[in-house]
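Chemist: following is a predicted model, sequence given first.
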Amino acid sequence: MQVKILGSGTGLPVLGKGQAAILAEIYGRNFLFDCGEGTTYKLLHLGCEADFLDFVVISHMHPDHSSGLPMLIQMLYLQKRRKTLKIYLPERVDEFRRMLHNFYIFEDKLGFTLELISIEEVTVDFPGIRIFPNSHLEGYSRIIKENGFKNMMKSFSFVIEDGTSKVVYTSDIPDLKHLCNYVNNADVFIVDAIHLPVEELKCALSKSHKRIILNHGLSDEIKEYLENNKISGVEIAQESEDLL
């Protein structure tokens, strides 16, 4: 397995950082976990050709994790991609397809097959990838209910294993309850450090990991904790650096 972070920024754009995107080679195929703004530029910087990506997996539909998708699809069309691209989405697949049509991105015009699939199918297609629902979006429940919106508040974290390596990518999370039984002995633990309370991070640090990568920015309390405590094996996310 090979893993690198393409985008490590927060929901607020920051100069010099891309938004959420993790590139992983698993089973000899290339996966993109999340596709925030700027992901296409990072792929171009790496010299990735039109048929390089095989699969895209979106953790949740916040724009800093998904807004790069229309531009990615357009770039691959203009690069004359020919290979099928599968995109696993956390919710409302048909609505996303209609949104692409609003952008004048039509499947019949692409020149390659675009498969939009529910994220639950990724665990069927690739048993080494496990998805874990998290509560990141539950704070929207009142406004969704009061306005009759169709949002499903689905958000996921991932555990990825290929028989030799184990990588955990939390995406955005308010706590680690959904992952506490699965994160031990990870070779790389890529953890949200902007939403996670510092006490939850301390709990994560007590587990057995080879590398803990603090991703998606740093909250003030986590930054202060790190300044006052020297902790081995903990790193701030660096974009385009090989983690495995």
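Modeler: That came through, no problem. Residues are numbered from 1 along each chain as shown.
Chemist: buried residues in the lowest-mean-pLDDT helix or strand in the chain?
Modeler: Among the secondary structure pieces of the chain, namely its helices and strands, helix 198-205 has the lowest mean (mean pLDDT, DSSP states H and E), a mean of 87. Taking 16 or more other Cβ atoms under 10 Å as the neighbour-count basis, helix 198-205 is seen to contain the buried residues 198, 200-201, 203-205. Every residue, glycine included, has its C-beta placed from N, CA and C.
Chemist: ok, residues contacting that helix?
Modeler: Defining contact as Cβ atoms under 8 Å, 6 or more residues apart in numbering, one finds that helix 198-205 is touched by 175-176, 180, 183, 189, 191, 193, 212, 219, 221-222, 225, 231, 234.
Chemist: would you tell me what the next helix or strand after it is?
Modeler: Using DSSP states H and E, the helix or strand that follows helix 198-205 in sequence is strand 209-215.
Chemist: that following strand to helix 198-205, inter-axis angle?
Modeler: Strand 209-215 and helix 198-205 are oriented at 150 degrees to each other (axes from the mean of the first three to the mean of the last three Cα atoms, to 10 degrees).
Chemist: residues of strand 209-215 that come out buried?
Modeler: Buried residues in strand 209-215, counting neighbours by 16+ other Cβ under 10 Å, are found at 209, 212-215.
Chemist: ditto for stretch 74-89
Modeler: Applying a neighbour-count criterion of 16+ other Cβ under 10 Å, the buried positions in stretch 74-89 are 74-77, 79, 81, 85-89.
Chemist: measure it end to end?
Modeler: Stretch 74-89 has an end-to-end distance of 18 Å (Cα to Cα, to the nearest Å).
Chemist: over to stretch 10-24?
Modeler: Stretch 10-24 has an end-to-end distance of 20 Å (Cα to Cα).
Chemist: stretch 13-25 now?
Modeler: Its first and final residues considered, stretch 13-25 spans 27 Å by Cα to Cα.
Chemist: quick one: mean pLDDT over that stretch.
Modeler: Stretch 13-25 carries an average pLDDT of 95.
Chemist: do stretch 56-71 as well
Modeler: For stretch 56-71, mean pLDDT is 98.
Chemist: pull the CA atoms of it into CSV?
Modeler: In CSV, the C-alpha atoms belonging to stretch 56-71 read as follows (Å, rounded to 0.1, in the frame of the first residue of the first chain):
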residue,chain,number,x,y,z
VAL,A,56,-13.0,7.9,-5.7
VAL,A,57,-14.6,7.5,-2.2
ILE,A,58,-16.3,10.5,-0.6
SER,A,59,-16.6,10.5,3.2
HIS,A,60,-19.3,13.2,3.4
MET,A,61,-20.7,15.9,1.3
HIS,A,62,-19.2,19.0,2.9
PRO,A,63,-17.7,21.1,0.1
ASP,A,64,-14.2,20.9,1.4
HIS,A,65,-14.4,17.1,0.9
SER,A,66,-16.5,16.9,-2.3
SER,A,67,-16.5,20.2,-4.2
GLY,A,68,-13.5,19.1,-6.4
LEU,A,69,-15.5,16.3,-8.0
PRO,A,70,-17.1,18.2,-10.9
MET,A,71,-13.7,19.7,-11.8
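Chemist: could you dump the buried residues of helix 198-205 to JSON lines with distance to residue 140?
Modeler: As requested, those are exported to JSON lines (distance: Cβ to Cβ, whole Å):
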{"residue": "198", "distance to residue 140": "24"}
{"residue": "200", "distance to residue 140": "21"}
{"residue": "201", "distance to residue 140": "24"}
{"residue": "203", "distance to residue 140": "26"}
{"residue": "204", "distance to residue 140": "25"}
{"residue": "205", "distance to residue 140": "30"}
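Chemist: helix or strand: which one has the residue nearest to residue 97 when sequence neighbours are not counted?
Modeler: Using Cβ to Cβ, 6 or more residues apart in numbering and skipping residues adjacent in sequence, the residue nearest residue 97 is residue 116, 5.6 Å away. Mapping residue 116 onto the secondary structure by DSSP H and E places it in strand 114-118.
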